[in-house]
Each structure stands twice: as structure tokens, then as C-alpha cells.
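Undergrad: quick check, what structure comes out for this input:
(one chain, ligands or ions: 1)
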Amino acid sequence: MQLRIPGPTPLPEEVLQAMARQMVNHRGPEFAEMIRESTAILKEMFQTKGDVLILTGSGTGGMEAAVVNSLSPGDKVLSVANGVFGERFADIAETFGAEVSRLGFEWGQAVDPDAVRAALSQDTTIKAVLVTHNETSTGVTNDMASIGATIREFDKLLVVDAISGLGAIDLPIDAWGCDIVVTGSQKGWMAPPGLAMVSVGERGWEAHAQAKMPRFYWDLARAKKYLDDRGQTPWTPGLTTIYGLHAGLKLLQQEGFGNIIARHARVGAKAREGVKSLGLSLFADEKHASNTVTAVKVPDGVDVKKLRGVLRDEFDTVLAGGQQSLEGKIFRIGHLGFVTEADMDAVIGALKAALPKAGFKG
Ligand SMILES: *Cc1c(COP(=O)(O)O)cnc(C)c1O
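TA: Coordinates of the predicted model:
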């Protein structure tokens, strides 16, 4: 089957096998070795000298952890959003009492760093900026190098949702000034859903020391202490999922960071070229099109529910629909993690055959 949604993603055989392992004591030496080794590989992939903490919870849990560990109720926060997940980040901050001002961009377009600069110039009381690295709902990758540099000019805390980008798209988080960064196991990491990985740099820990939002399960200082002192997590971790993440990370390490980034660039280009060759249009501004997910406009006359149904039932190919206001207007091809150019050829081939059955006259 071609499961080509932007997470969960298919898993290599080695990862599936690793998850068939018997339980171990999560307070014992086997687990300590596994979490330390996994964390070391994650730090390489995050390109950070800061801490990376593995939390049991989905990506959204990691976003909540990032917020509650860095902010206090009443803090002014600038939310920079160009899609569903950017809005979610703002909603989380608001839920915990931050005073959020929302800087929105048209969905399908990238965040404009100059507009971020203008917003920060206008309101000097802003403490932190929330940004989505790779907006999965629209297939756009934001220019984090420029956005990070802009936020550094104003010396604000930069909190990044890189859930569907990190590990697949180059994001040197220390070099680009990202203070707290979140990713999720089921996106680029060749691992099942259930874990969030959150990095915290020096400035992130400074913010943590001041942050008064309520937190218990998500307390990152406690997670760091358990990891550093004992090679453990404060609470019972999703052990089987950690077996899977560990196996996925070892495969990624063998492939090599540069090769992983290049593979996603090739696969992303193939998805975009393939879609256009069928007479379809990309939803995202192509200059900022993502290498992990491609959003495609539903052409006139095509019933996208039918299209996805035919793909699933007749071609064993599962694609994602649009979210919220984009439902019925776009569909999305996920191409992250365990994916090759041959997989993309297969998806484009299936699309070509399925489109006429869903009313496409192109
Ligand atoms: C998938 C995703 C999330 C949500 O992650 P869950 O694991 O579903 O909680 C958040 N942000 C982005 C950019 C994502 O791609």
C-alpha cells in the first residue's frame, strides 16, 4: 500500500521488527542506553548543542509543552500563521492565558519576514514569537533562516513547530536562532505516532526559569533532569514507540543527514513535476513549496472524495484531504520519512489512472 499522507508514514521492516521486542524496565540499563543513543542522534539531526527531550504524546502535546514551559499568563505573544497548524499554536498559547496577537498570511503563501519585522517594531512588549516551519495543511515551508534572523534583531524568544519539517528539510536550529523546536515521531522520523521531540536551547531555558504557565506532565526541566541524571523519563514512556524511534533514527543515521535532505528534495520535486504533468495545479506558492507534503488544487469537475476513494479502493494509494476551509478544495500527498522517488512515481501513476474516474476531463 502507498500510505502517502503527511503522517503517520509507512515504516521500514527494521522499525516494525524493533517494535516486536519484549518490554524492558524503563528504569533499567537497556532503556537508558536506548534513550541516550536516540537523543544523541536527534541532536545531530536538530543541529543543536542544546537539549532534546523525548516526550510521550503526539506533536500537539509537544507544542503545548513548548508553550507552557516558556511563557506566563499575560505574556504578549506574536503568532505568525499561514495555515491550520499555525492557528493551533496560537490557540494553545491563548488557552493558557497568553495575550496573542495573530499575524496571518494567506493560506498557500509563505510567511513574509518583513511583515514579522513590522509587527515586532510596532509592539515592543511582545515576548515570544510562534512560527510554523513547515505548514502541513498548505504544503508551504517558511523561510526560517530569514524569520529567525528577523526575530534575533528584536531579541525575542522564537518557538517553532517543525513537526513535519525537521529531519527531512534542513533546519539548523542553533544557527537560525530557533530557541524551542518541536517535532513528532510519525512525520519525518520513520517511526510510529506517539512521541514528541522538543529541543530547548540556552535562551529557551532562560525563558523556562521565568515561565509560570501551569505544567506538570509536560515539565521540561523535570524531563531534562531525569534524562541527564538517570537516562530515564519522569513518567512511563511509550516504550514500544521508543523502540521504533530508536530503530528509525539508526536508519537515518546510516543514510546520513545530507543524503536524507537531498532525498526529500528529489522526492518533493518529483511530486510537484508529476502533479503538473497531469494538468493539475499546486496550491502552494511554488517558490516555497514543501519537500515533505504537496498540496494540489482540486480541478473543476472533480469530486475529491470520490478521487481519494478510487485511489484507496482501486489503487491501494491513500492521500490526505484538505483541512478546515481547505476541505474539498485541495488534496495532499505526503512524502516524508520512509519514501523514495519510485514511491512518488507510483503515486503519480495511480493519480493519472484515478483522475478520469472522478470526473477529470483534463
Ligand atoms: C502533524 C502536525 C501537527 C500535529 O501533530 P499531532 O501529532 O497530530 O498532534 C502539528 N503541526 C504540524 C506542522 C504538523 O504537521
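
Undergrad: how about the residues of the stretch 101-250 of the chain near the ligand?
TA: For the stretch 101-250 of the chain, the residues in contact with the ligand (Cβ under 6 Å from any ligand atom) are 132, 134, 136, 161, 163-164, 184, 193. In this view, the C-beta of every residue, glycine as well, is placed from N, C-alpha and C.

Undergrad: among those residues, which lie within strands?
TA: Taking DSSP state E, the ones among these that sit in strands are 132, 134, 161, 184.

Undergrad: burial check on the last one, number of neighbours?
TA: Read it as residue 184. For residue 184, the neighbour count with other Cβ atoms under 10 Å is 28.

Undergrad: can you check the pLDDT for it?
TA: As predicted, residue 184 sits at a pLDDT of 98.

Undergrad: that one contacts residue 191, doesn't it?
TA: No: between residue 184 and residue 191 there is no contact under Cβ atoms under 8 Å: 9.1 Å.

Undergrad: and the strands in the stretch 151-300 of the chain?
TA: Using DSSP state E, counting those that start in this stretch, the strands of the stretch 151-300 of the chain run over 157-161, 180-184, 195-200, 293-297.

Undergrad: who's in contact with the third one?
TA: Around strand 195-200, the neighbours that count as contacts under Cβ atoms under 8 Å, 6 or more residues apart in numbering are 42-43, 46, 48, 50-59, 61-63, 65-66, 69, 163, 173, 178-185, 189, 208, 220, 224, 238, 241-242, 245.

Undergrad: quick check: residue 165 vs residue 310, distance?
TA: For residue 165, the distance to residue 310 equals 30 Å [Cβ to Cβ, to the nearest Å].

Undergrad: more neighbours: these two, which one.
TA: residue 165 (29 against 20).

Undergrad: mean neighbour count, the strands of the stretch 151-300 of the chain: which tops it?
TA: Highest mean neighbour count of the strands of the stretch 151-300 of the chain: strand 180-184, a mean of 29 (counted as mean count of other Cβ atoms under 10 Å).

Undergrad: show me the shaky parts of the stretch 51-200 of the chain.
TA: Residues of the stretch 51-200 of the chain meeting the criterion pLDDT under 70: none.

Undergrad: closest residue of it to the ligand?
TA: Relative to the ligand, the nearest point of the stretch 51-200 of the chain is residue 59 (2.7 Å; Cβ to the nearest ligand atom).

Undergrad: in contact with that residue, which residues?
TA: Counting by Cβ under 8 Å, 6+ apart, residue 59 touches 161, 163, 182-184, 186-187, 196.

Undergrad: ditto for residue 79
TA: Residue 79 makes contact with 86-87, 89-90, 93, 100-103, 129-130, according to Cβ under 8 Å, 6+ apart.

Undergrad: where along the stretch 101-250 of the chain do the helices fall?
TA: 113-122, 144-153, 202-210, 220-230, 239-255 (DSSP state H, counting those that start in this stretch).

Undergrad: I'd like the ones you listed as JSON lines, with distance to residue 16 appended.
TA: Formatted as JSON lines, those follow (distance: least, Cβ to Cβ, whole Å):
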{"stretch": "helix 113-122", "distance to residue 16": "42"}
{"stretch": "helix 144-153", "distance to residue 16": "33"}
{"stretch": "helix 202-210", "distance to residue 16": "34"}
{"stretch": "helix 220-230", "distance to residue 16": "27"}
{"stretch": "helix 239-255", "distance to residue 16": "8"}
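
Undergrad: okay, the contacts of residue 79 in CSV with neighbour count and distance to residue 145 next?
TA: Formatted as CSV, the contacts of residue 79 follow (neighbours: other Cβ atoms under 10 Å; distance: Cβ to Cβ, whole Å):
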residue, neighbour count, distance to residue 145
86, 26, 18
87, 18, 23
89, 26, 20
90, 22, 23
93, 26, 24
100, 18, 25
101, 15, 24
102, 16, 23
103, 21, 19
129, 24, 15
130, 30, 18
